[in-house]
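S.K.: sharing a model prediction with you, sequence too.
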Amino acid sequence: MSGETPLYLAVAADVAQLIHSGVLKSSERVPSVRRLAQQRQVSISTAVASLRELEQRGLIEARPKSGYFVARQRPALEQPAQVELPRRARLAGTQAMLKRLADAGMNPGIARLGQALPDPALFPQRALRASLQQAARRDPGLLAEYPLRMGGSMALRVQIARHYAHVGLALAAEDLIITNGCLEAITLALRTVTQPGDTVAVESPIFFGVLQIAESLGIRLLEIPSHPGTGLSIEALAAQLAGRSGRDIRACVVTPSFSNPNGSCIPPERRRELVRLCESADLVLVEDDVYGDLQFEGARPLPCKAYDRDDRVLLCSSFSKTLAPGSRLGFIAPGRYRDTLRAAKHMMSGATALLQQEMVADFLRSGRYERHLVRMRRALSQQVRQLSQCVQDSFPAGTRLTQPQGGFVLWIELPGAVDTMDLYDEASRQGAEFVPGAMFSPSGSYRNFLRLNAGYPVTAETAGAIHRLGALLKQRLPKR
C-alpha cells in the first residue's frame, strides 16, 4: 500500500526544513545542483529534481545565470490566539447553520471555500474506475448479495493494516471494522463508551461533525483549548480531570494530525503524554486520524494509537479526504471494544456495501496509493500557501492566520468584534463562502473566527471571492 518516499522529495524536504528553521534565510543562495548532489550523495538528476520541487512550492526562486535563492518571504501573519473557554460541559446545537452551509455548497456560483473538501481532480479517478471494474469482474455477485460481514472486506482490512504497519503502527486486520465514513466510526466509538448525559472532553476548536454526533447522542462536551501549532493542551485536560467534575469525563476526542479547523499537529512526545494521561484517568481516547496521510513535509505522523498499551485508543479514519470521497469508506480500530462495536454497527447501519471496499482494496494492493499521496500533498501544500497569500493581501490589518503543515484548511482570527455568523449570509450573496468560527465550539466561542477550505486550486475566481470577503470585513470594523 505504501512505498518509500522518492529520494528527490527526501532531499527537498531536508532543504525545506533549513528554510523553515531560518538556517537558510530569505534571498540567500541555495546550494548549486552540483554542490547539493555532493552534500547529499545523490545524482545530478536527483539534485535537479529536488530544486525544481522546491521551486514549485515557492520556497526558492531561480535567477538567470546566478542559481537558486531562497524566495523572498513577506512576514507571516501571527497565529490565532487561544480564547477563554467555559469550564463547564454543555450540549451542542448546530443543525440550523449546517443546513445553510450545505445549501451554499450546492450553489455553483459560490467559490468552494466553505466545506472542507478537496478538488475531485486531485483523486485518481481513472485508476479507481479500473479497480472498480476489476472488483466487479472478480466477484460479479457483489451488487446482488446483501453484505453480511460486519467487519467489512478482509481484503481491505489487510491493506489498511499494511499501510499502518509501514507508518510504524501494528494493527490486526481481523479486528478492524469498516464503516460508512469516519463520522460513523466516531459515532460508533462514542455510542459504545458513553451514555446520554455523560461528559466527553474535546479539543477546541473542534470539527462541527463531532458536535452533531454529541447532539444526537445526548452527550455533554467539555472544551479543552487547542494551540494552532501543538494541538490539545494536555495540561488543561489534566487540570479538568483533577477537578471536582473530572470523574464525570468518560472519553476524550482529538484529531492529533492537522486538526480541522486549526491545522494543529501534536508533537510525538506529547502524544505519548496524552495516552498516558488517559491511562491514569481511565479515559477512552477517540482518535480521528482522517488527515494523518496529508503531511506536507517529512514523515507521516505516528498516531496516538501507537503509544496505546491497553487498547483504550479507538483509532478512526477514512479514505474520504485522501482517495475516494464518493465511496464513503471509513474504518475503526476498536481496541478492547471490538465485539460491542460490531454489534453497534449492525444495529446502526448494517454492513457497509462491499463493492467499493473491494475497489479501494484493489487500488491499495496495486502500490499506487503512496505515489498518489505524494502528488496530492504537493498540490495541497501549494494551495494552502496560495490561499494564505490571498488572505494576507485582502484581509484587514490585525488578521491572524494559521500555518498548517498538513491538511487543507485555514483557521483565521479577525481583528475587532466582527461576528462571522452575522457576516455569513451577506458574504454568501457575494459569492464568498466560509464556515463561521462559532460552528466549531459547543459554547459558540470563536465568533470572530472563520475557516476557509484550501482543497481547490486558487483561481482568479477564488482570489476575487477572498478580496470581496476582505472588503466586507473592513466595512464591519470601526473606523480609526
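M.R.: Nice, I can see it.
S.K.: pull the helix or strand with minimum mean pLDDT from this protein.
M.R.: When each helix and strand of the chain is scored by mean pLDDT, DSSP states H and E, helix 95-105 comes last, with a mean of 61.
S.K.: for this protein, which helix is longest?
M.R.: Secondary structure of the chain per DSSP state H: the longest helix is helix 369-394.
S.K.: tell me the strands beside the helix or strand following that one, with direction?
M.R.: Downstream of helix 369-394, the first helix or strand assigned by DSSP states H and E is strand 400-401. Applying DSSP bridges, strand 400-401 is found paired with strand 409-413 (antiparallel).
S.K.: so whichever helix or strand comes after the partner strand versus strand 409-413, what angle?
M.R.: Once strand 409-413 ends, the next helix or strand along the chain (criterion: DSSP H and E) is helix 420-429. Counting by axes from the mean of the first three to the mean of the last three Cα atoms, to 10 degrees, helix 420-429 lies at 120 degrees to strand 409-413.
S.K.: report the buried residues of helix 420-429.
M.R.: 420, 423-424, 427-428 (16 or more other Cβ atoms under 10 Å). In this view, the C-beta of every residue, glycine as well, is placed from N, C-alpha and C.
S.K.: can you add distance to Ser441 and pLDDT and give those residues back as CSV?
M.R.: As requested, those are exported to CSV (distance: Cβ to Cβ, whole Å; pLDDT from 0 to 100):
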residue, distance to Ser441, pLDDT
Thr420, 12, 94
Leu423, 17, 92
Tyr424, 15, 92
Ala427, 20, 92
Ser428, 21, 89
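S.K.: center of the chain, which residue is that?
M.R.: Nearest to the geometric centre of the chain sits Tyr291, at 3.4 Å (Cα atoms, centre = their mean).
S.K.: ok, that one to His227 distance?
M.R.: Distance, Tyr291 to His227, using Cβ to Cβ, to the nearest Å: 17 Å.
S.K.: ok, residues contacting stretch 350-358?
M.R.: For stretch 350-358, contacts defined as Cβ atoms under 8 Å, 6 or more residues apart in numbering pick out 132, 135-136, 138-139, 142-143, 145, 147-150, 152-153, 155-156, 178-180, 324, 327-329, 345.
S.K.: mind redoing it with 7 Å?
M.R.: 135-136, 139, 142-143, 147-150, 152-153, 155-156, 178-180, 327, 329 (Cβ atoms under 7 Å, 6 or more residues apart in numbering).
S.K.: sorry, back to before: report the two of the buried residues of helix 420-429 separated the most.
M.R.: Thr420 and Ser428 (11.7 Å; Cβ to Cβ).
S.K.: can you pull out the strands in the stretch 101-250 of the chain?
M.R.: In the stretch 101-250 of the chain, the strands defined using DSSP state E, counting those that start in this stretch lie at 177-179, 199-204, 220-227, 231-232, 249-254.
S.K.: which one of those strands lies nearest to Ala299?
M.R.: Here strand 231-232 is closest among the strands of the stretch 101-250 of the chain (Cβ to Cβ), at 17.3 Å.
S.K.: partners of that closest one, with directions?
M.R.: strand 220-227 (antiparallel).
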